[in-house]
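Pasting the sequence and the predicted model now:
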Amino acid sequence: MDFIKAATLDDFLNTRIKSVTILGRKVGIIKGPNSEFHAIEVGCKHQGADITRGQISGDVATCPRHGWKFNLVTGKCLNHNASKLKKYGLKIEGDVILVTSKPLPEEEEDDPLLHFFD
Ligand code: FES
């Protein structure tokens, strides 16, 4: 799977979430509490609002439009039986954060080899 430069570690000195566009798709890069990084689609499964523009509390984002809540690590919707937000592979080379050009197939989402750090 192809990886594309999406951000640098310096982009997260004062924030823990950044929204980028990769081949026309909006992807959120999230820095976790232990400085681990995750990449996930940001279009709400209800009506497509950018969930990174809503309230972020811990690993949970609340959609700014109608309040649906999503776990930013797993992609699961916490209060509706909606489909999950798609995850992207992510790796770090030096201070560069690279993200897969396409969302991961669901069976690969939890493959630790696609979430490694240098
Ligand atoms: S668009 Fe996100 S809850 Fe409606």
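Perfect, I can see it now.

how much space is there between the nearest residue to residue 84 once chain neighbours are set aside and residue 9?
Nearest residue to residue 84, sequence neighbours excluded (Cβ to Cβ, 6 or more residues apart in numbering): residue 75, at 4.0 Å. Every residue, glycine included, has its C-beta placed from N, CA and C. Distance of residue 75 to residue 9, computed by Cβ to Cβ, to the nearest Å: 23 Å.

more crowded one of the two?
residue 75 (19 against 14; other Cβ atoms under 10 Å).

okay but that one is in contact with residue 42, surely?
No. Here residue 75 does not reach residue 42: they are 10.5 Å apart, not a contact under Cβ atoms under 8 Å.

residues shared between the contacts of the two?
Residues within reach of residue 75 and of residue 42 at once, by Cβ atoms under 8 Å, 6 or more residues apart in numbering, are residue 85.

can you tell if the helix or strand of the chain with the lowest mean pLDDT touches the ligand?
Lowest by mean pLDDT, DSSP states H and E among the helices and strands of the chain is strand 55-57, with a mean of 90. No. Judged by Cβ under 6 Å from any ligand atom, strand 55-57 makes no contact with the ligand; its nearest approach is 12.2 Å.

Can you give the distance of the next helix or strand after that strand from its chain's centre?
Later in the chain than strand 55-57, the nearest helix or strand by DSSP states H and E is strand 60-62. With Cα atoms, centre = their mean, to the nearest Å as the basis, strand 60-62 stands 12 Å off its chain's centre.

mean confidence for strand 60-62?
Mean pLDDT, strand 60-62: 93.

Stretch 105-118 now?
57.

and if you look at stretch 25-39?
92.

how about that stretch: buried residues?
25, 27-31, 37-39 (16 or more other Cβ atoms under 10 Å).
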